[in-house]
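A.B. asks: Give me coordinates for this.
(one chain, ligands or ions: 1)
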Amino acid sequence: MDRYGVIGNPIAHSKSPEIHAQFAAQTGQHMAYERILAPLDAFSQTVRDLMAQGFGGANVTVPFKLEAHTLASTLTERAQAAGAVNTLKFEQGTILGDNTDGVGLVTDITENAGLSLSGKRILLLGAGGAARGVILPLLAKAPGQLVIANRTVAKAEELAAQFESKGHVSPSAFTTLDQPFDLVINATSASLSADVPPVSPTVFGRGALAYDMMYGKAPTVFMRFAAQHGASVRDGLGMLVEQAAESFQLWRGVRPGTAEVFAALRAKL
Ligand code: ATR
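C.D. replies: Next comes the predicted model:
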C-alpha cells in the first residue's frame, strides 16, 4: 500500500491523518497516512528513513517547514516564494518540495466563501512565515491592492521588497492604516495569546471578509472584533482542509471534494 504521513514535533494533535483518510476513502485511493514524530534534531534523517521505507511523500508541520525547504532537491515556485515547505513528494530518490498553504487559503476564500479577489483591496496582517506563504497565491488572483501590515514595520518592508518582481505589495504599520479593505487576513500569531493586532475598525470596508488563519471551537478574538465592526468572518479550518486537498492531488493526481470533510471536522472541534 502507498504510504504517506505528516512529520512534526509535537504531532499527536494533527488532524491531517483524519483528513487524508477521508479523501482516500472518497476517491477510492489505496493508501495509508500516518503521524510521524521526528526528533527536533533529526528531521532530515526522518525523511531519509521514510524514503527508504518506500513512502510516496509527506506533509511537514511545525517546526520543520524551513528545514524541509532546505532539504528539498527541487522546489515549486510557490514553495520558493513561501520560503517554507509543507508538502514533500518523493520521486526516484529525489525530494520535491511544495507549499500548499497559500493556495489552500485562496481556494477557501474564493471557492468556499465565494469571494472573488480580482481587483479587491486586501490587507494582510503579519509578516512572519504564515504571511509570507500566502503572498504569491494572493497576487496570482490579481487583487487591486495588497497591503502587508506588521507590528515590526521593517519586516513588512522586507517582505514587500522580496515580492517586488511578482506584483505590487505595500508595507505598512498597523497604526497608520485607516482606509477600507474588502478582505482582511490575520496571519499574525496574536490569536494564540488572545490578542488582536491593533488595527483601526475602519479597515473593514462595506461587506468585508475578515479571515483568521487560526481556528478553534469558538471564534478568535480577531473574528469577534471584526464581526463587531460589520465584517463577515471566517476561521482557518477551511484553509487546513484545502491545503490538504492540494497535497493529496500532488501525490495522487486526483482532486478530492472538501465540503464533507470540512463539515465533519467542524462538528468535532
Ligand atoms: P508564523 O510562522 O505563525 O507566521 P512567525 O514567523 O513567528 O510565526 O510570525 C509571527 C507574526 O505574528 C509576526 O508578524 C509577528 O509580528 P512581529 O514581526 O512584529 O513580531 C506577529 N505577532 C505575534 N504576536 C503578535 C501580537 N500580539 N500582536 C501583533 N502581531 C503579533
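A.B. asks: CA only for contacts and neighbour counts going forward, please
C.D. replies: Noted.
A.B. asks: Counting neighbours, what do you get for Ala58?
C.D. replies: By the measure other Cα atoms under 10 Å, the count of residues near Ala58 is 27.
A.B. asks: wait, what's in contact with it?
C.D. replies: By Cα atoms under 8 Å, 6 or more residues apart in numbering, the contact list for Ala58 reads 4-7, 87-89.
A.B. asks: For those residues, pick the one with the most neighbours.
C.D. replies: Counting neighbours by other Cα under 10 Å, Thr87 leads those with 32 neighbours.
A.B. asks: what are the ranges of the strands in the stretch 51-200 of the chain?
C.D. replies: With DSSP state E, counting those that start in this stretch as the definition, the stretch 51-200 of the chain shows strands at residue ranges 57-60, 74-75, 87-91, 94-98, 121-125, 145-149, 170-172, 181-186.
A.B. asks: quick one: strands adjacent to the shortest one?
C.D. replies: Sheet pairing here is set by DSSP bridges, and for strand 74-75 it gives strand 94-98 (parallel).
A.B. asks: cool, and the first one?
C.D. replies: Under the criterion DSSP bridges, strand 57-60 sits next to strand 2-8 (parallel), strand 87-91 (antiparallel) in its sheet.
A.B. asks: closest to the ligand out of those?
C.D. replies: strand 2-8 (14.1 Å; Cα to the nearest ligand atom).
A.B. asks: what separates whichever helix or strand comes after that closest one from the chain centre, distance-wise?
C.D. replies: Downstream of strand 2-8, the first helix or strand assigned by DSSP states H and E is helix 16-27. Using Cα atoms, centre = their mean, to the nearest Å, the distance from the centre of helix 16-27 to the centre of the chain it belongs to is 19 Å.
A.B. asks: pLDDT averaged over whatever helix or strand comes next after helix 16-27 - what is it?
C.D. replies: Using DSSP H and E, the helix or strand that directly follows helix 16-27 along the chain is strand 31-37. Confidence over strand 31-37, taken as the mean pLDDT, stands at 98.
A.B. asks: Gly56 reaches Gly5, doesn't it?
C.D. replies: No: under the contact definition of Cα atoms under 8 Å, Gly56 does not touch Gly5, with a separation of 9.0 Å.
A.B. asks: still on that earlier bit, want to throw the strands paired with strand 57-60 into JSON lines with mean pLDDT and distance to the ligand?
C.D. replies: Rendered in JSON lines, the data for these read as follows (pLDDT from 0 to 100; distance: least, Cα to the nearest ligand atom, whole Å):
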{"stretch": "strand 2-8", "mean pLDDT": "98", "distance to the ligand": "14"}
{"stretch": "strand 87-91", "mean pLDDT": "97", "distance to the ligand": "16"}
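A.B. asks: how far away is the residue nearest in space to the middle of the chain from Ala173?
C.D. replies: Ranked by distance to the mean C-alpha position of the chain (Cα atoms, centre = their mean), the top residue is Asp101 at 2.9 Å. Summarising the geometry, the distance separating Asp101 from Ala173, computed by Cα to Cα, to the nearest Å, is 25 Å.
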